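J.: The following comprises the amino acid sequence and a computationally predicted model.
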2 protein chains.
Amino acid sequence: MKLHQKAIMPQGFQCTSRNCGLKDEGRDIAIFYSKVRANAAGVFTKNKFPGASVILGREIMRNGCLRAIIVNSKVSNVGTGPEGIRNAQRMAVAVSKEFNIPENEVIMSSTGVIAKPLPIKKIEHGVQGISKELVDDPVVGAKGIMTTDTYPKAISASVDDATITIIGKGSGMIEPNMATMLVYIFTDAKIETPMLDEILRDSVADSFNMLSVDTDTSTSDTCIAMANGLAGAVDKKRFSDTLQFACIEMTKMLARDGEGATKLLVVNVTGARSKNEAKMIAKTLINSPLIKTMIYGADPNIGRILMAIGKCITCEIIPEKIEVRINNRLVYLNQNRVDFDETEIRNTLRGDPAEISADLNIGSGNATAYGCDLTEGYIKENAAYYSS
Amino acid sequence: MKLHQKAIMPQGFQCTSRNCGLKDEGRDIAIFYSKVRANAAGVFTKNKFPGASVILGREIMRNGCLRAIIVNSKVSNVGTGPEGIRNAQRMAVAVSKEFNIPENEVIMSSTGVIAKPLPIKKIEHGVQGISKELVDDPVVGAKGIMTTDTYPKAISASVDDATITIIGKGSGMIEPNMATMLVYIFTDAKIETPMLDEILRDSVADSFNMLSVDTDTSTSDTCIAMANGLAGAVDKKRFSDTLQFACIEMTKMLARDGEGATKLLVVNVTGARSKNEAKMIAKTLINSPLIKTMIYGADPNIGRILMAIGKCITCEIIPEKIEVRINNRLVYLNQNRVDFDETEIRNTLRGDPAEISADLNIGSGNATAYGCDLTEGYIKENAAYYSS
């Protein structure tokens, strides 16, 4: 499977973005629109302090269909009480009026600073006339949802006659639980809501839910899929495989563009007692600051890898059986360091991506996690961030 | 309760340290010695990849008494297989011969690089004649166990006629589970092994086990207590309270001297459903890189605090009830940001320590966690570290 060279919107989908005054410069609202009603599924953050758009979004998704998505950046509308819910609702109403579509077929997302009131009037004003600016280029929409991302992220893949397009943002506060920060999936494939929901959840489990930039789970994580059916039916298996492939590609893009990151880090765990334990161990490695800094420093530090495997104290781990590879070179076997060429491994670690593989040799549980290195850039970006 | 101005060794305890050639310069072995047999208790890392000295140390502690502790820095003797166990044993034998004490009353610790063979001959050579160098100053022993610590850590407190002295090291790979990196507690109080064990475990639970520098749990965490009885019996409650007080003071020292840290961060969680949930939430906040960087940047970012509370998805959390304080100033109440003086709070956050308090207002579970800010210094130290 492969991605298109250039992302396109599937048939019947368009998007646009604008500056409505939330940010001093740059686009701060985006609209994604389907000219016909689309079946829709969504998954949201499990954070117990969800944003207003997540609380309301869960309600809206019960309908199983959508016409449009509105997203604003800069202010996340989280920790804002009942007023926040009313403001999220007003975002949907504004889009409903502008596009002449049902209010309950518009979903909203907000990303940015927490515990600040949403400047709803600026958004309402910004939506006026925006329906005349719809375009076919998904990058225009992707630009409107960026916060600290360094570039807009949009990818497309084909399945039968249909297209799957994913638009996402990530960067910081990223260890999604049930969904990534903000990811929108559009397809012109014909697929019923329950099936779309099932395929989406399966794809998210092995892609966005295996992503971590910094262990911090956002209050706004949202992943929405819309299928408008204009390209007709597709083979379910191929659709599911293609969606998962594309979700993993988007996951890698989000990981590689993590705040301050210089490279993608991929961790493979094989031979665990169960898939769940493989996932837990892979996530623990991807989150270890000592592993993230050794990847930044291009040092094949086996000790940190063993330490991070071992700190999964609820998992079955037999030290005698563990094999470790760095960028496909065997470095640890039979309870001892292998006599490897350190200079050569250091050279490979200076490249992108870096890959750590641990085989526990106990069972058949396998998992892959996606992350990035930890650099001074992450510290600078987040220590310099002013919340007011 | 208060600490002595200057740490002293309790009656009958002495220590020393030397360079035996593991490090190019600086002390790399330390000995702690009791002139009479001491009752002893210990707790060790729960990491599933424990070092040879932890594996062997658990056996030795079954005797319930000790005469001496030998510690080396620079090489941790972890991930070294059966040869590592034999080398740990040889450390005990060397001390046993030099001091003419039983081999099974000597416990050993090793800290440093993982998955490198222990240069046991250098250690054996280094132990020869060391018994003539014993001194009463605990700082001399503390110097011998340092790795990336910026200063040696030794404190003393009194209880009745007895003294409790704690010597510790921490700095990186620090989120102990059942013990901190290396902590040795000496007392001349008379106290039986089972009681010592119980009091030690209770003290560790609320002190070293609530410490996290970087979420990474070492393979060598060890905390040993020795009570030689020379000062006679003490009141159990006062002993237990004083030990816990001193352990928390040492925990704060280890946190404040975390790799790259500029200050101590204390997180208090009150009103949780249970003490366990309070501990889980306090640990989650202390470990959040976004909270650690906001403390470094002296920014009162309420959103990051709410996010980190909310990501404890297995805990009972009612957003409507949460109150948040930063350095004792109320900043969040009734689902909304409080109108506080940002400049004033920023100024307090530039000081040391920084304190975050969250009251969940649900139950009576309280806990305090200890950590530090996350700075470029941590990245530099750990990205520049070469494991070979």
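T.: Now that the structure is in, tell me what you want to look at.
J.: Every contact and neighbour count from this point should use C-alpha atoms.
T.: Fine.
J.: Residue numbers of the stretch 201-350 of chain A in contact with chain B?
T.: Contacts of the stretch 201-350 of chain A with chain B, taken as CA under 8 Å from any CA of the partner chain, map to A:214-219, A:288-290, A:293-304, A:306-313, A:317-320, A:334-337.
J.: give me phi/psi at the nearest residue in space to A:K252 that is not next to it in sequence?
T.: Once flanking residues are discounted, A:K252 sits nearest to A:Y370: 6.4 Å by CA to CA, 6 or more residues apart in numbering or on different chains. Backbone torsions for A:Y370, taken as degrees, to the nearest 10, come to phi -120, psi 130.
J.: okay, now the nearest residue to A:R18 once chain neighbours are set aside: neighbour count?
T.: Distances taken as CA to CA, 6+ apart place A:R27 nearest to A:R18, at 4.8 Å, with adjacent residues excluded. Here the count is done by other CA atoms under 10 Å in any protein chain shown, and A:R27 has 25 residues near it.
J.: Run through the helices of chain A in chain order.
T.: Ranges of helices within chain A are A:52-60, A:81-99, A:120-127, A:138-144, A:193-206, A:236-256, A:275-287, A:289-296, A:302-310, A:342-349, A:376-383, based on DSSP state H.
J.: got those helices as a markdown table, with mean pLDDT and mean neighbour count columns?
T.: Below are the helices of chain A laid out as a markdown table (pLDDT from 0 to 100; neighbours: other CA atoms under 10 Å in any protein chain shown):
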| stretch | mean pLDDT | mean neighbour count |
| --- | --- | --- |
| helix A:52-60 | 93 | 21 |
| helix A:81-99 | 96 | 19 |
| helix A:120-127 | 97 | 17 |
| helix A:138-144 | 94 | 25 |
| helix A:193-206 | 92 | 18 |
| helix A:236-256 | 91 | 22 |
| helix A:275-287 | 94 | 25 |
| helix A:289-296 | 92 | 27 |
| helix A:302-310 | 90 | 26 |
| helix A:342-349 | 94 | 15 |
| helix A:376-383 | 87 | 21 |
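J.: Could you report the pLDDT at the residue nearest to A:R18?
T.: Here, the pLDDT recorded for A:R27 equals 93.
J.: so it touches A:V71, yeah?
T.: No: A:R27 lies out of contact with A:V71 (CA atoms under 8 Å); the separation is 10.8 Å.
J.: which residues do these two both contact?
T.: Each of A:G144, A:I145 lies in contact with both A:R27 and A:V71 under the rule CA atoms under 8 Å, 6 or more residues apart in numbering or on different chains.
J.: so how far is B:A52 from A:T270?
T.: Using CA to CA, to the nearest Å, we find A:T270 at a distance of 26 Å from B:A52.
J.: can you pull the contacts of A:N228?
T.: Counting by CA under 8 Å, 6+ apart, A:N228 has contacts A:G12, A:S34, A:V36, A:R37, A:A38, A:N39, A:T187, A:D188, A:A189, A:K190.
J.: Now do the first one against chain B, distance only.
T.: When you say that, I think you mean A:G12. 37 Å (CA to the nearest CA, to the nearest Å).
J.: so what's the closest residue to A:N276 other than its chain neighbours bridging to?
T.: In this structure, A:N276 finds its nearest non-sequential neighbour in A:G365, 7.3 Å apart by CA to CA, 6+ apart. According to DSSP bridges, the residues that bridge with A:G365 are A:A272.
J.: A:G365 and B:D137: what is the separation?
T.: Note on A:G365: its distance to B:D137, by CA to CA, is 53 Å.
J.: before we move on, back to that, surely the residue nearest to A:K252 is in contact with A:A255?
T.: Yes: under the criterion of CA under 8 Å, A:Y370 makes contact with A:A255 at 6.2 Å.
J.: any residues in contact with both of those two?
T.: Common contacts of A:Y370 and A:A255 (CA under 8 Å, 6+ apart): A:L211, A:S212, A:L264, A:L265.
J.: Flag the least confident of those.
T.: Lowest pLDDT among these: A:S212, with 80.
J.: what's the angle between the lengthiest strand in chain A and helix A:120-127?
T.: Looking across chain A with DSSP state E, the single longest strand is strand A:29-44. Interaxial angle, strand A:29-44 versus helix A:120-127 (axes from the mean of the first three to the mean of the last three CA atoms, to 10 degrees): 110 degrees.
J.: From A:K311, how far out is the most far-flung residue of chain A relative to its centre?
T.: In chain A, A:D339 marks the outermost C-alpha relative to the chain mean, sitting 38.5 Å out by CA atoms, centre = their mean. Relative to A:K311, A:D339 is positioned 25 Å away (CA to CA).
J.: Pretty sure A:G144 sits against A:I29.
T.: Yes: in this structure, A:G144 is within contact of A:I29 by CA under 8 Å, at 5.3 Å.
J.: Quickly list what's touching both of the two.
T.: Contact criterion CA under 8 Å, 6+ apart; residues shared by A:G144 and A:I29: A:S17, A:R18, A:V71, A:N72, A:S73.
J.: Can you add distance to A:D197, neighbour count and pLDDT and give these back as JSON lines?
T.: Compiled in JSON lines, the shared contacts of A:G144 and A:I29 are given as follows (distance: CA to CA, whole Å; neighbours: other CA atoms under 10 Å in any protein chain shown; pLDDT from 0 to 100):
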{"residue": "A:S17", "distance to A:D197": "27", "neighbour count": "28", "pLDDT": "96"}
{"residue": "A:R18", "distance to A:D197": "30", "neighbour count": "20", "pLDDT": "96"}
{"residue": "A:V71", "distance to A:D197": "21", "neighbour count": "23", "pLDDT": "94"}
{"residue": "A:N72", "distance to A:D197": "25", "neighbour count": "29", "pLDDT": "93"}
{"residue": "A:S73", "distance to A:D197": "26", "neighbour count": "22", "pLDDT": "89"}
